[in-house]
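Trainee: Sequence below, structure please.
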Amino acid sequence: MRKANWITIEPIAHRGLHHAGEIPENSLLAFEKAIEANFPIEFDVQLTKDKQLIVFHDDDLLRLTGREGLVSNFTWAEIKDLSLFGTQQKIPLLSEVLEFVRGRVPLLIELKSLKQYGVMEPLVMELLGTYEGDFAIQSFNPKTVYWFKKNAPEVRRGYLSGPMDDEDLTPPTRFFLSNLGPLPVIQPDFIGYDKKGLNHKIIHLIKNYSHIPVIAWTIKAREEEEEALQLADNIIFEGFQPFHGRR
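Mentor: Here you go, the predicted model:
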């Protein structure tokens with residue numbers, strides 16, 4: 001399994017190249033558009049009630065499908081025919097996405113594992129173990145990043161963080177996570193950090209005194225891209241055509 005440096009070279013398409021309701025996020029159509037433009041793809045993975053790995057961002061189905069309820073309360077059979085934003089696109093399985101992409105562009109896979117730690121990781125690794133394309137995993141859950149360090153050290157792994165101002169956390173926990181407290185233990189290969197916190201002193205320390213790449217998320221305009229790249233090595237973007245990395 002290669003550890004290519006794509007993670008710092010080409011801008012990464014956030015949930016594929018999606019557009020309003022016409023090309024839904026995290027859909028095979030959005031991934032096809034990203035492949036056509038030769039962008040690496042970032043997407044989200046979570047578990048259904050019957051432990052099927054689906055590519056879907058929200059905990060709740062409502063915004064994308066119009067159906068109320070948590071993803072974790074439904075089986076795959078109950079949601080597989082739901083339309084994304086009223087289009088013909090459906091929620092894909094992780095296995096379907098891997099088969100569809102087939103290594104044509106690298107994949108940055110976010111595991112939504114905060115409530116599903118210990119179950120999701122081995123299921124994801126079972127699929128990725130036979131995948132021949134370039135990929136990396138990332139998570140806000142430091143336990144997930146550590147799981148891959150311990151059980152699949154050959155897999156490139158990233159730790160996601162930021163100011164965490166919108167999260168329901170105690171002040172000590174917020175301080176610990178936003179200051180990348182888990183780093184010495186989980187030892188990620190890269191850090192994904194919220195664009196709002198890129199001027200944080202910890203990011204300056206990482207950039208000046210370590211070799212860990214910093215990926216800024218989520219960049220939504222050319223002006224934000226230029227500003228983010230003053231402090232980060234690469235960006236995860238949506239809603240515009242980035243300039244950085246285009247050859």
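Trainee: Helices of the protein, residue ranges please.
Mentor: With DSSP state H as the criterion, the chain has helices at 28-36, 62-65, 76-79, 94-101, 120-128, 142-151, 171-178, 183-186, 201-209, 222-228.
Trainee: Of these, give the one that comes closest to residue 16.
Mentor: Residue 16 lies closest to helix 28-36 among the helices of the chain, at 2.9 Å (Cβ to Cβ). C-beta coordinates here come from the backbone N, C-alpha and C atoms, glycine included.
Trainee: tell me what that closest one is packed against?
Mentor: strand 41-47, helix 94-101 (3 or more Cβ pairs under 8 Å, 6 or more residues apart in numbering; DSSP states H and E).
Trainee: Give me whichever of the ones you listed is most buried.
Mentor: Most buried of the helices and strands packed on helix 28-36 by mean neighbour count (mean count of other Cβ atoms under 10 Å) is strand 41-47; its value is a mean of 23.
Trainee: Okay, now the sheet partners of that one, with direction.
Mentor: strand 12-14 (parallel), strand 53-55 (antiparallel), strand 107-111 (parallel) (DSSP bridges).
Trainee: Contact partners for residue 38?
Mentor: Residue 38 makes contact with 10, 105, according to Cβ atoms under 8 Å, 6 or more residues apart in numbering.
Trainee: The helices and strands packed on helix 28-36: which one's closest to residue 216?
Mentor: Closest of these to residue 216 is strand 41-47, at 12.1 Å (criterion: Cβ to Cβ).
Trainee: and the nearest residue to residue 54 once chain neighbours are set aside, what does it touch?
Mentor: In this structure, residue 54 finds its nearest non-sequential neighbour in residue 91, 5.4 Å apart by Cβ to Cβ, 6 or more residues apart in numbering. Residue 91 makes contact with 26, 54, 55, 56, 65, 79, 80, 82, 84 under the criterion Cβ under 8 Å, 6+ apart.
Trainee: Out of those, flag the one nearest to residue 172.
Mentor: Set against residue 172, the nearest of the contacts of residue 91 by Cβ to Cβ is residue 56 (31.6 Å).
Trainee: you'd agree that closest one is up against residue 70?
Mentor: No - applying Cβ atoms under 8 Å, one finds residue 56 not in contact with residue 70, separated by 11.2 Å.
Trainee: Looking at those two, which has the bigger crowd around it?
Mentor: Using other Cβ atoms under 10 Å, the more surrounded residue of residue 56 and residue 70 is residue 56, with 24 against 14.
Trainee: which residues does the more buried one contact?
Mentor: Residue 56 touches 26, 44, 45, 46, 64, 71, 91, counting by Cβ under 8 Å, 6+ apart.
Trainee: try residue 42
Mentor: So residue 42 contacts 12, 13, 14, 15, 107, 108, 109, 110, 236 (Cβ under 8 Å, 6+ apart).
Trainee: now with 7 Å?
Mentor: 12, 13, 14, 15, 108, 110, 236 (Cβ atoms under 7 Å, 6 or more residues apart in numbering).
Trainee: Residue 120 too?
Mentor: Residues near residue 120 by Cβ under 7 Å, 6+ apart: 47, 111, 113.
Trainee: pretty sure the first one is touching residue 117, no?
Mentor: What that stands for is residue 47. No - contact between residue 47 and residue 117 fails when scored by Cβ atoms under 7 Å: they sit 10.8 Å apart.
Trainee: is it true that residue 218 touches residue 235?
Mentor: No - under the criterion of Cβ under 7 Å, residue 218 makes no contact with residue 235, lying 8.3 Å away.
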